[in-house]
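Student: Here's my sequence, what's the structure:
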Amino acid sequence: MYETLAATDLRPAANETPATEPAQTVATALASPAGPHADQAVQAARMAAVGDLAAGVVHEINNPLFAILGLVEFLLADAEPGTKAHERLRLIQETGLEIKAIARALLAFARERGTHGTVDLGTAAAETVELFRRTSAARDVEIVLRAESGAAVLGSAARLKQLLLHLLANAREALPRGGTVTVDVAGRGGEVVLDVADTGCGIAAPDLPRVFEPFFTTRSERGAAGLGLAAARAIADAHGGTLAADSAPGSGARFTLRLPAAPATA
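Tutor: Numbering: from 1, shown residues only. The predicted model follows:
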């Protein structure tokens, strides 16, 4: 049996403010007076707009998906187990459930809306890796996650996940023929360190100092805009951390995020 995506999954959580029109939300923030919190206000507005958009997309996907899964359930009841027809219907059902899981993961990711607080970076990394696995078309890329429990930092879970998504996307682009991406999260002294390493061809020495420059890319023929790593560096800076790259041609690349550890609670 399958579990349908209830309409309540699309409603704002109890601690969320009512959604507004995305364009209105962003326009309001952009019209706010400049000041030390102006960038944060614009970013929050953008996250809110993305959340509203994601909820609408999930709703539009869910309606036909509900019908497809329902019809498959009826057809499975009539099909004889062990036959090709039954096997194909089971495959359709499993694929539909996978689509539902992807939609839910996207909605959960967007709902965080840039809220700041204590973030378990290991948990955030696990959720991001799972989302990336579900949505990435690169099925021949293996992602290995080694996350230490309790590696907490202060910041926005949504923006830190966005940072990791940029690093994972960059690693995937470095592996056109497949390979392995390893994500490590651990506390080291007063820091929490996140490493993303790939088994790709590496970064040429002349290019290494420029990888975080906006619009710099060596993959323009594949549609890369050269903004992902620049955005990741900006998120690291906003959290009082650093993001560095290390590579040798033919030996893959490693990106290391260092963030101040959250103060220990009693």
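Student: can you give me the strands for the stretch 151-266 of the chain?
Tutor: For the stretch 151-266 of the chain, strands defined by DSSP state E, counting those that start in this stretch occupy the ranges 152-156, 179-188, 191-198, 242-247, 253-260.
Student: Those strands into JSON lines, with extra columns for mean neighbour count, distance to Val57 and mean pLDDT?
Tutor: Backbone N, C-alpha and C define where each C-beta goes, glycine included. Below are the strands of the stretch 151-266 of the chain laid out as JSON lines (neighbours: other C-beta atoms under 10 Å; distance: least, C-beta to C-beta, whole Å; pLDDT from 0 to 100):
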{"stretch": "strand 152-156", "mean neighbour count": "22", "distance to Val57": "22", "mean pLDDT": "93"}
{"stretch": "strand 179-188", "mean neighbour count": "18", "distance to Val57": "27", "mean pLDDT": "94"}
{"stretch": "strand 191-198", "mean neighbour count": "22", "distance to Val57": "28", "mean pLDDT": "96"}
{"stretch": "strand 242-247", "mean neighbour count": "18", "distance to Val57": "30", "mean pLDDT": "94"}
{"stretch": "strand 253-260", "mean neighbour count": "21", "distance to Val57": "29", "mean pLDDT": "96"}
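Student: Out of these, which is closest to Pro81?
Tutor: strand 179-188 (38.1 Å; C-beta to C-beta).
Student: Adjacent strands (with direction) for the closest one?
Tutor: Applying DSSP bridges, strand 179-188 is found paired with strand 141-147 (parallel), strand 191-198 (antiparallel).
Student: With distance to Ala253 as extra columns, can I get the ones you listed in CSV?
Tutor: Output for these, formatted as CSV (distance: least, C-beta to C-beta, whole Å):
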stretch, distance to Ala253
strand 141-147, 14
strand 191-198, 6
